[in-house]
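just need the structure, nothing else, for what follows:
(one chain, ligands or ions: 2)
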Amino acid sequence: MDLDFAREGVFVGGRWRGAASGETLPIENPSNGETVGSLAAGGADDVDAAVDAARGALSSEWGALSAAERGRLLAQIGRAVLAQADRLAELEALDVGKPLKQARADVVALARYLEFYGGAADKLHGESIPYLPGYTVFTLREPHGVTGHIIPWNYPMQIIGRSVVAALAVGNAAVLKPAEQASLTALAFARIAAEAGLPAGALNVVPGTGAAAGAALAGHPGIDHISFTGSSGVGATIQAAAARNAVPVTLELGGKSPQVVFDDADLDKALPFLVSAGIQNAGQTCSAGSRILVQRGVYDQVAARLAERFAALRSGPARADLDLGPIISARQKAMIEGFVEVARRELTLIGEGQVVADAPSGGHYLPAMVFGDVAPDHRLAQEEIFGPVQVVIPFDTEEDAVRIANGTPYGLVAGVWTRDADRLFRMARKLRAGQVFLNNYGAAGGVELPFGGVGRSGHGREKGFEALYGFTVLKTVAAHHG
Ligand code: NAP
Ligand code: MG
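Ligands and ions are numbered 1, 2, ... in the order given. Coordinates of the predicted model:
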């Protein structure tokens with residue numbers, strides 16, 4: 001695949017160029033460990049130029065569009081994305097190691113965000129407020145201005161959809177810093193958007209490292225809002241940097257999300273989710289349902305059925321389109337292996353998949369694994385592993401389940417499996433999470449569903465209509481007319 005465009009991957013004011021410093025980063029294919037090209041390594045100068053271009057766009061063609069015109073344009077970009085679905089999926093499979101089917105699902109999700117936010121662009125409005133006689137008071141929802149977006153490598157296209165596209169829908173001009181290990185679809189998206197008519201400067205992309213391009217963006221005084229998706233540690237750094245300029249921040253961070261299975265659950269329905277919510281994208285998913293809490297009455301049965309399902313899971317190259325692709329990098333794989341070492345020593349392995357025999361030796365493969373009888377305060381039940389490793393925790397009562405489920409610093413997503421309707425609603429109220437799924441997990445990922453965390457999982461909401469509130473500022477206008 002021709003990846004020459006990545007070397008000229010700084011996209012500022014509608015023009016492509018290399019990094020101001022001339023530096024590049026290697027692009028690795030995680031399926032075989034080979035270097036397949038080089039990526040412009042943007043830095044502070046490139047971020048300065050991108051922020052200037054975004055600011056300029058607000059007072060030129062982009063800023064002059066009506067809400068309806070913006071919406072129509074986004075919908076048009078959505079159709080252009082779908083028309084290039086095969087190429088985008090192949091780029092993502094190459095760059096991130098995603099099995100092709102999962103990469104394609106990300107393209108479809110991006111197109112769906114463009115359709116959804118395109119349709120919503122002209123439906124966001126303020127309100128009028130009854131006030132003292134002689135006054136008319138109303139509110140306006142206005143864009144922040146220039147929004148910065150720093151995103152991780154695990155779901156680049158989906159996160160561009162829920163973050164950048166939502167910000168554009170309400171009239172912001174965006175600067176995007178993709179992850180250095182996964183910038184190709186971000187660049188391809190910017191190209192598709194420009195070709196479909198997105199005015200210059202509305203979207204600018206500065207690939208590069210977090211330490212250089214990311215830090216320059218997070219601390220930039222010319223940014224009016226920053227949206228960060230990534231680890232809790234870096235999130236805290238971003239928030240501190242933004243605080244120096246009093247810039248509002250949305251943080252979409254990690255998780256250790258529970259799936260709670262009660263004795264009366266429909267296990268045939270639950271089992272596929274207990275597995276897939278943990279191993280999707282090889283477990284490199286912020287909202288992974290990575291702690292399985294099982295009531296004692298069905299514990300042995302669930303463990304046995306998990307063992308069987310995990311044994312059938314295959315890891316291999318993205319192009320082979322198996323259950324799991326490779327881990328994104330050797331470094332990330334080593335981090336997961338650190339957890340696995342502890343788990344093998346201290347826990348009971350109840351099920352393990354396989355890396356296919358013909359997987360290239362340079363690829364970063366791990367089999368899917370599930371460990372049983374894990375204590376709720378064990379390291380593997382507390383820390384985000386970000387790999388294909390599930391833990392099963394037994395519990396006795398509903399109170400225990402709530403305590404264990406809420407017993408981590410995170411609070412992103414939770415799932416509950418029971419046939420007791422009263423219990424479902426009690427659990428929905430008691431669980432500390434931004435999304436709670438009752439007798440399902442993930443609700444098929446709908447773009448309509450507001451998403452975000454509490455605690456160490458972050459704050460602010462993306463996805464759904466709710467995101468549009470976050471990407472706007474409310475202005476109150478009070479007129480005295482007697
Ligand atoms: P990460 O290390 O926090 O990186 C995320 C982004 O921040 C990347 O673009 C990274 O650039 C950049 N970055 C790193 N250091 C920076 C700094 N000092 N200043 C500014 N930017 C900086 O996270 P990751 O390892 O890529 O992703 C895994 C984590 O993300 C997990 O914890 C996962 O749960 C979380 N996540 C959360 C969600 C959610 O919606 N809640 C979604 C996906 C992932 P580089 O690429 O150069 O490192
Ligand atoms: Mg890559």
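
for the stretch 251-400 of the chain, what lies in contact range of ligand 1?
252-255, 286, 384, 386 (Cβ under 6 Å from any ligand atom). C-betas here are computed from N, CA, C, even on glycine.

can I get these in JSON lines including pLDDT?
Putting these into JSON lines (pLDDT from 0 to 100) gives the following:
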{"residue": "252", "pLDDT": "98"}
{"residue": "253", "pLDDT": "97"}
{"residue": "254", "pLDDT": "94"}
{"residue": "255", "pLDDT": "97"}
{"residue": "286", "pLDDT": "97"}
{"residue": "384", "pLDDT": "98"}
{"residue": "386", "pLDDT": "98"}
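
tell me which two of these sit farthest apart.
252 and 386 (14.3 Å; Cβ to Cβ).

out of those two, which sits in the busier spot?
residue 252 (29 against 25; other Cβ atoms under 10 Å).

coming back round to it: take the residues of the stretch 251-400 of the chain next to ligand 1 and keep only those in strands.
With DSSP state E as the criterion, strands contain residue 252 from among those.

quick one, phi psi at residue 141?
Backbone torsions for residue 141, taken as degrees, to the nearest 10, come to phi -100, psi 110.

beta partners for it?
residue 474 (DSSP bridges).

domain assignment for this protein?
4-253+459-477, 258-445 (automatic domain parsing).

closest to residue 453 out of those domains?
Of all the domains of the chain, domain 258-445 sits nearest to residue 453, with 4.4 Å by Cβ to Cβ.

gap between that closest one and the chain center?
18 Å (Cα atoms, centre = their mean, to the nearest Å).

quick one: the spatially most central residue of the chain from residue 152, how far?
A centroid search over the chain (Cα atoms, centre = their mean) returns residue 159, at 4.7 Å, as the residue closest to the centre. Distance, residue 159 to residue 152, using Cβ to Cβ, to the nearest Å: 7 Å.

joint contacts of the two?
residue 229 (Cβ atoms under 8 Å, 6 or more residues apart in numbering).

thinking again about what came up before, columns distance to ligand 2 on top of the domains of the chain, output as JSON lines?
Shown next, in JSON lines, are the domains of the chain (distance: least, Cβ to the ion, whole Å):
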{"stretch": "domain 4-253+459-477", "distance to ligand 2": "4"}
{"stretch": "domain 258-445", "distance to ligand 2": "7"}
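
looking at those, spot the one closest to residue 451.
Going by Cβ to Cβ, the one of the domains of the chain nearest residue 451 is domain 4-253+459-477, 4.2 Å.

for this structure, longest helix please?
Ranked by residue count and defined by DSSP state H, the top helix of the chain is helix 100-120.

what average pLDDT does it get?
The average pLDDT within helix 100-120 is 98.

what residues of that helix count as buried?
100, 102-118, 120 (16 or more other Cβ atoms under 10 Å).

low pLDDT regions in the stretch 301-450 of the chain?
Judged against pLDDT under 70, the stretch 301-450 of the chain has no low-scoring part.

what ranges do the strands span in it?
Applying DSSP state E, counting those that start in this stretch to the stretch 301-450 of the chain gives strands spanning 314-315, 348-352, 354-355, 369-372, 389-395, 413-417, 435-438.

what sits up against the fourth one?
Counting by Cβ under 8 Å, 6+ apart, the neighbours of strand 369-372 from elsewhere in the structure are 278, 292, 303, 306-307, 310, 340, 343, 347-353, 380, 388-392.

C-alpha coordinates for stretch 281-297, PDB please?
Only the C-alpha atoms of stretch 281-297 are listed here, as PDB (Å, rounded to 0.1, in the frame of the first residue of the first chain):
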ATOM      1  CA  ASN A 281      -9.800  -5.300  19.700                       C
ATOM      2  CA  ALA A 282      -7.600  -7.700  21.600                       C
ATOM      3  CA  GLY A 283      -8.800  -6.200  24.800                       C
ATOM      4  CA  GLN A 284      -7.500  -2.800  23.900                       C
ATOM      5  CA  THR A 285     -10.800  -1.100  24.500                       C
ATOM      6  CA  CYS A 286     -11.500   1.600  27.200                       C
ATOM      7  CA  SER A 287     -15.000   0.300  27.800                       C
ATOM      8  CA  ALA A 288     -13.900  -3.400  27.900                       C
ATOM      9  CA  GLY A 289     -16.100  -5.400  30.300                       C
ATOM     10  CA  SER A 290     -12.900  -6.700  31.900                       C
ATOM     11  CA  ARG A 291     -14.100  -7.800  35.300                       C
ATOM     12  CA  ILE A 292     -16.700 -10.600  35.300                       C
ATOM     13  CA  LEU A 293     -18.500 -10.800  38.600                       C
ATOM     14  CA  VAL A 294     -20.400 -14.100  39.000                       C
ATOM     15  CA  GLN A 295     -22.800 -15.100  41.800                       C
ATOM     16  CA  ARG A 296     -21.700 -18.300  43.500                       C
ATOM     17  CA  GLY A 297     -24.700 -20.400  42.400                       C
END
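
just checking, residue 307 touches residue 351?
Yes. Between residue 307 and residue 351 there is a contact at 3.7 Å, judged by Cβ atoms under 8 Å.

which SSE is residue 137 in?
Element membership of residue 137 [criterion: DSSP states H and E] is strand 135-143.

may I see the buried residues of that strand?
Applying 16+ other Cβ under 10 Å to strand 135-143 flags 141, 143 as buried.
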